[in-house]
Each structure stands twice: as structure tokens, then as C-alpha cells.
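> this one's sequence-less:
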């Protein structure tokens, strides 16, 4: 009898336990407003925070007939970000839930002033995780970026998230920076961070509702463009497409991209290649003047994409020729891009300082405090090795066959 | 919820619950020990309920271990 | 108690809460060599374990408190035992506070800390009343799960490793490594196991179980520190309140296995529980030995209440406890983990020598 009583009590206890889990802290799904994107801009009194919240009724997989937007953006001012978010609760019908954030966008003026305070909030807030990307709104406010409706994806933040991944994976002229990465690079002292830029292309006002999406060529689009160079936590400038690719090569953030070389020897036209693999290593050495210098080594694997010359591709010599052209071009390009960044921004975004720290810690200790100014005049040597593997589905260039007739 | 109050008020219940077991043990020493421990616990919780600011344990330890801690790196 | 259970309990005792908290301290002191600091801590703990094994040999059949009475005489020994009782009490209370803080800051932020602590204590009380054998069996039940979650953690984190983060090695020399290791080693209170050696069913391979549990626990700890350095980088490890949790948050395998840190919390709560219960039982055993009681299970409720008070008064806020652990705990722990055992051992050796001498002095 006692056994049965005990058994019953245990069963009762377990039942209670399963029903009460997290009871105190329960957050029912329909009490939450899932924030998918956060935008922070500078404002006289502090910050202007924009939250893009999912409107769940509109994101169902079937067509929604009521035609309202699938997300809602709320904007609010505040002295600090938590302050603004609190005030926003006056407009939002539910509690803001930040754990599913996809993208955080900073206005350019805020980035120029310095991001460190925003980053402190982002790192400290326990609801926010590490898996969202960060962007700088190029030449506009974050609020404008988050107010653009996107084709393809109903939720613009998802569109931004996916397009960051895709463009970085295939094009490598844009960045893919997460909070953790940014803070690590910032704290380290031997490097400066970069952030990817996003621009509103077209009319900002027109992009706000669904109408323009009815056209085949939407007028307003969000475009990822270039990298923003930071010195410490302040934005100091923008990099163009080519420079951005160099940065991505240097920090090993390239999974694939395309490039081209002019035809070797005679004739105009170019040979397009697609880079399949890229690995970069930086070696810190002692220069002739006793100061640290660096040797950069890019190892690339590429395939031929498109041939506009009359080259004989059955001859291994041609391949070697193309490889050599590629190497020279890449070397010159990389070296001049790095020099440009040295001169213009004096900000070590490539991680040379960090390489010095890891390879020659005693030297690093000497230059640590003034690294960026030393970086301005550091001697950097670039070496590129290209290995061409495949040439695509046809062998000889069509131009050659055609001319031959 | 005021836990110090609840727990202080629950202590007599503990006394009642444990008494049969103590009687079965038939040992004066055990009974005395239990009463002593019970008094300490109830007094401490009661003090917390009353809001008396007793010195924190770590502060007492800090004072006692000051010489050793000075030697350590 | 069998030797496998002893192994598991030692393991639980070693890991305890250190798994959540030590990477941060190690990274702050030893920078990229934090993992070396973890290894140094392991060595130091091995040394301490050897000393405890020696103590068991010198005082056969005695638990820790009995040893003090034999080594220092009845009343001085009881005084020392009382000192240890207080040490275990404060330690257990701090552990409770740590658990409360962790759960309420990362998992259930709106819940008052008291509730979490009381719930946990309720489980502890239930276990304490049923006896250590139940705990041992519970340990056996939990252990495969702990192993499983640990494996998941390690394997899921492998793709995120940046080997560069570990360089430069020994940048500051051995000094910071040893300091970090020393500080970390003060948190594995292996001496608690000495209280339970007499309760082992057979003394045949207790040393293997003891050292094995200690080693395995350190394997877990050093891996967590190593991965912290390799994945989070030292800046974030040193600056996080709970680096192991931050580590678990980064797990993302193929865009599918993500956000599983909740499951890993289970691992930590299990080791927490094992350690807290070991301390609880050693307190009860201490009471029994010091006061010559027949049983100590009636004292469970009052002890639990006092533990709660200690938790409320030591874990006042994150900053206070951080400072206390840095400045005060090291010395306090060292007295109990190193100094007094050494004295006990010395006394034991002395008595043995005197005994041998007096035996030799007698005419055959």
C-alpha cells in the first residue's frame, strides 16, 4: 500500500514538473513580436532605433489576400538602445523578442561616430545571439534600409541575410561579418575590423510598399556594396569592389569569385576565370632595416570560365601562360590595393599586426601601441600562385575555331 | 515572495517532522545536536527576515585569510 | 559504494561549476596559454591527490575528520574538522548561488533567484535524506548522458576552430601559466573524496578510480578552455560571464544543428548537483564524526536553510563574487586543500616513526 502511494506521488510530481517547466518565465509565442532586423542611427538625443518585426499573418505560405506588408518597422528615439526599445513598446502590440535577429544595420553617420557603445549593448544583451550579420547603410540611414520591400523573400531581413551569404560566397566583394568576429578583431589590437555595406538603389520612397514589386524590374533594390573600413570602432572610409575583394582574400573570406585577365600576347579580349579555392598566409619577417616586414602568399585554384582570345587551349603551355598572367595581375592588384589602404586609411584591416603578434611576439610588443601608424609605412611583399584546373565544357575557344575557317 | 519569512515560519514544521525520527534514535546527543542546529538555522533565517545586516561570510574569511592572501601571487 | 561510482563522483566533484567559470579567469591571466594553465591546474591537482592518497595510507580506515583527530589529538582535531565543516558549508552555498545566477541570467531571466535555488535545494534535500548510495547510483545514471552531451559539444564545435587563435604560445613565459593554473586548481576540492574512502565496498582499486575521475574531469575542463580559446578567442573568453555557455551558443552545424545550448545546460546542472551533494554528504559525515552522532539526516533541513543564507550573502552580485573569488578564495582554499593536509600528513608520519622507534626500543 505504501509502495503504491509512493508511486502515485512520484507520478503526480512528474506530471506537475512537466506542466510547470519554466512557468515563471514562460513566453507564449503569440505574446512575442519577433524582431528580424534592427537598425541603429545617430540622433541628437542619442539613438534612433528601427525594429523590423514579422507580421505573422502575412507570412503564411499561401497567398495572403489582404495585401498588407509582411513585416512592420517601428522606429523610436532614445538615449540608449534599451531606452529606445522600451519606448517602442508603446507602439508594438507585443513584447519584442530579439533572439531571432538576422541583421543589424548601422547608419553611416553612427558608424563614423563610433560603434563601441552599440556593440556593448549587443554583446551584453543576453537575448541577442552571435549569429546575425552586421551592415553599414551606405550613404543613408539604417531606417531607410529597413523600410525597403524585397522581391523573392517576403521578409526583407531574411532577404538581406541570404543575399549576404550568397554574395560573399560567390562574389567575395562584400563582407560577411558577425558580431563576435567584429568584437574579436576590434579587441585584439593587431587589426581593424571591416563591415559590409548596403545601399538603397533607386527611390527610397517608392520602395516602401508592395506596388513596385509588380514590375519585372523593381525600381528600388537593396544592394550590397563594398566594405567599410574602420579604424578601431569608427568608420573612416569605403572600399570599392576591387579593394574589397583584396581584403576578403587576405582574411581568407573567399569561397569563390570570378576574375579576368587580358589575353596573353596579342589581341584584345580577356580570359575569364572563376576562383574555386583561395588560401592566404601572412608571414612576418624582419626587414632589412630591422623593422618588421611581411610576405603575403596567395594560393589560388581556378577554372577557366570564358575565353575571348584565339589561344590554343590544348597546349599546356597556354595554361601556364594564363596562370602566369593571372599571378602577375593578382600580385600587382593586391599590392597596389594594400598600398592604397595603407596610404588612405592607415588602418590595418588585413591582420598584419595580428600575424606579427602570433609569429614574432617580442617584436609585436615593441610596435603594439602605435601599430596603425607603423602599418602606414610597412613593407609588404605579395606572392601569388595560381593553379588552373579545368576549362569548362568545350575545349578550344570558339573564336579560334571561327577565325580558322 | 518573501522567502526568509516563509522559511522561518516553516522551521517549526521541520522540528515536528524530524522529532519522531529523533525519538527512534534514542540518543540525547542527537537530540541536543538537532536542537542546536535547528536553533542556529531558524535564528539566521529569522535575522534575514528581520533585515538585520549580519556580516557576510566572505568578509569574515577575508579578514582571517588576509596574511595568506598577501603571500600568494 | 563501488569503485566505478567513486570514479563518477570524483568526476562530478572535479567538474562542478568550474566548467562554466574557469575559462574566463584562465584566459584573463594566461591569455592564449589558458589551456596550458588548465593543464598546469591538472598537474597541481594530481599533486594534491597524491598527497590525499598518502593520507589515506597513513590513517587506514579513517575518514577525513577521523584523521584530524588522530593526527592532532581529540579536541584540536575536532576543531580542525569544524573548520572544514565551515569550509564545505561556504563552498556549497557559493555553488548554489552560482547556479542560481547562471540560470537566471541566461535561461530564465524573469524568475527570482530564490525560487531557482530553493527548487534545487529541494532536490538536494531529497537526495541527502536518502543517503549517499542513492547519489552514487544517480551518478551512474547521469554519467552516460554527461558523456553524450560532452561528445556532442566537442564534435559540434570542431568546425569552428581557428587554429591561429592559440598562437603565440608561452608569450608571457611560464609565469602566467602557473599562476593561472594555481588559481584554477583551488576550485577542485578533491579532499572531499577522502571523507568517503572508508565507505568503499572494497579498497582494491580506489586509487585508480580517484585518479581516473580526477583526470577525466580535467579532460572536460581543459577541453572547454581549449575550445574557448580556439573558437571564442581570448578577448571574449576573458570578458564573458559564462564562457562555456557562450561557446555552446556558437554551435551551428550545417545550418541545422543550432541553438542547442539548452541541452548543454543539462550537463552543467548535473555536474553541479553531483558536486553540491558530495559537499552536503561530507558535511553530514563531519557532523557525525565530530559530535559522535548516530545519524545526521535530521540536520538536512537546517543545513539546507543555512546554505540558502550563505548563497544569498556571498553571491550578492556578479561583481562582488568575482572580486571575492579573485582576492580571498585562493588563500582560504589553500589552507584547507594544501596546508592542513600537509600538517596532517607530517603528524601522521611523525607518529608512525615514533611508533616504529618505540617498537624497536622494546626488547624482543
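Ah, there it is. Since the model is a prediction, treat every value here as computed from it, not as a measurement. Numbering: from 1, shown residues only, chains lettered A, B, ... in the order given.
> what lines up beside the helix or strand harbouring residue A:53 in the sheet?
In this structure, residue A:53 sits in strand A:46-54 according to DSSP states H and E. Partner strands and pairing direction for strand A:46-54 (DSSP bridges) are strand A:32-43 (antiparallel), strand A:71-78 (antiparallel).
> per-residue confidence averaged over the shortest one?
When pLDDT is averaged over strand A:71-78, the result is 89.
> Residues touching the helix or strand following it, excluding its own?
Going down the chain from strand A:71-78, the next helix or strand is helix A:81-88, by DSSP H and E. For helix A:81-88, contacts defined as CB atoms under 8 Å, 6 or more residues apart in numbering or on different chains pick out A:40, A:46-49, A:51, A:74-78, A:96, A:118, A:121, A:125. All C-beta spots, glycine's among them, are computed from the backbone N, C-alpha and C.
> same question, stretch A:327-346
The contact list for stretch A:327-346 (CB under 8 Å, 6+ apart) reads A:229, A:231, A:236-237, A:239, A:242-243, A:246-247, A:249-250, A:259, A:261, A:296, A:298, A:300, A:347, A:349-350, A:372-373, A:375-378, A:380-386.
> Go through the strand holding residue A:53 and flag the buried ones.
The neighbour-count check on strand A:46-54 (16 or more other CB atoms under 10 Å in any protein chain shown) flags A:47, A:48, A:49, A:50, A:51, A:52, A:53, A:54 as buried.
> Which part of the stretch 1-150 of chain C gets nearest to chain B, residue-wise?
Using CB to the nearest CB, the single residue of the stretch 1-150 of chain C nearest to chain B is residue C:114, 4.6 Å away.
> residues touching that residue, list them.
By CB under 8 Å, 6+ apart, the residues touching residue C:114 are B:1, B:3, C:100, C:308, C:312.
> One more: residue A:101?
By CB under 8 Å, 6+ apart, the neighbours of residue A:101 are A:35, A:36, A:37, A:38, A:128, A:129, A:132.
> Next, it: phi, psi?
Residue A:101 adopts backbone torsions of phi -60, psi 140, taken as degrees, to the nearest 10.
> What of residue A:298?
Torsion angles at residue A:298 (phi, psi; degrees, to the nearest 10) stand at phi -100, psi 130.
> can you give me the strands in chain C?
Under the criterion DSSP state E, chain C contains strands at C:252-253, C:257-258.
> And the stretch 1-150 of chain A, by the same measure?
Under the criterion DSSP state E, counting those that start in this stretch, the stretch 1-150 of chain A contains strands at A:32-43, A:46-54, A:71-78, A:95-97, A:103-107, A:133-137.
> Chain B too?
With strands called from DSSP E, chain B shows none.
> Pull up the residues of chain B that are close to chain C.
Chain B comes close to chain C at residues B:1, B:3, B:7, B:11, B:14, B:17-18, B:21-22, B:25, B:27, B:29-30, B:33-34, B:37-38, B:40-42, B:44-45, B:48, B:54, B:56-58, B:61-62, B:64-65, B:68-69, B:71-73, as judged by CB under 8 Å from any CB of the partner chain.
> now the helices for the stretch 151-300 of chain C?
Under the criterion DSSP state H, counting those that start in this stretch, helices of the stretch 151-300 of chain C are mapped to C:174-185, C:191-194, C:206-227, C:234-239, C:243-249, C:261-291, C:300-314.
> Chain B too?
B:3-25, B:28-50, B:57-71 (DSSP state H).
> In the last one, which residues are buried?
Going back to what we said before, that points to helix B:57-71. Buried residues in helix B:57-71, counting neighbours by 16+ other CB under 10 Å, are found at B:57, B:58, B:61, B:62, B:65, B:69.
> same check, this time on stretch B:14-23
Residues of stretch B:14-23 classed as buried by neighbour count (16+ other CB under 10 Å): B:14, B:15, B:18, B:22.
> Find the nearest non-adjacent residue to residue C:199, please.
residue C:1 (5.4 Å; CB to CB, 6 or more residues apart in numbering or on different chains).
> Would you agree the one you found is in contact with residue C:203?
No - assessed by CB atoms under 8 Å, residue C:1 is found out of contact with residue C:203, at 11.2 Å.
> Pick out whichever of these two has more residues nearby.
Using other CB atoms under 10 Å in any protein chain shown as the criterion, residue C:1 and residue C:203 rank with residue C:1 on top: 19 against 13.
> returning to that earlier point: indicate which one of the strands of chain C is closest to chain A.
strand C:252-253 (6.4 Å).
> any weak-confidence spans in the chain?
No chain was given, so I picked chain A. The model of chain A has pLDDT under 70 over residues A:1, A:17-25, A:57-69, A:206, A:209-214, A:266-267, A:404-405.
> oops, chain C please
Using pLDDT under 70, chain C drops low at C:171, C:255, C:362-364.
> Could you list the residues of it in contact with chain B?
Residues of chain C lying close to chain B by CB under 8 Å from any CB are C:90, C:93, C:112, C:114, C:118, C:179, C:182, C:287, C:291-295, C:297-299, C:301-303, C:305-306, C:308-310, C:312-314, C:316, C:324, C:327-328, C:330-332, C:334-335.
> Filter those down to the buried ones.
Among those, the ones that count as buried by 16+ other CB under 10 Å are C:90, C:93, C:114, C:118, C:179, C:182, C:287, C:291, C:293, C:298-299, C:301-303, C:305-306, C:308-310, C:312-314, C:324, C:328, C:330-332, C:334-335.
> Chain A contacts on the stretch 51-200 of chain C?
Counting by CB under 8 Å from any CB, the positions of the stretch 51-200 of chain C adjacent to chain A are C:105-112, C:115, C:164, C:167-168, C:171.
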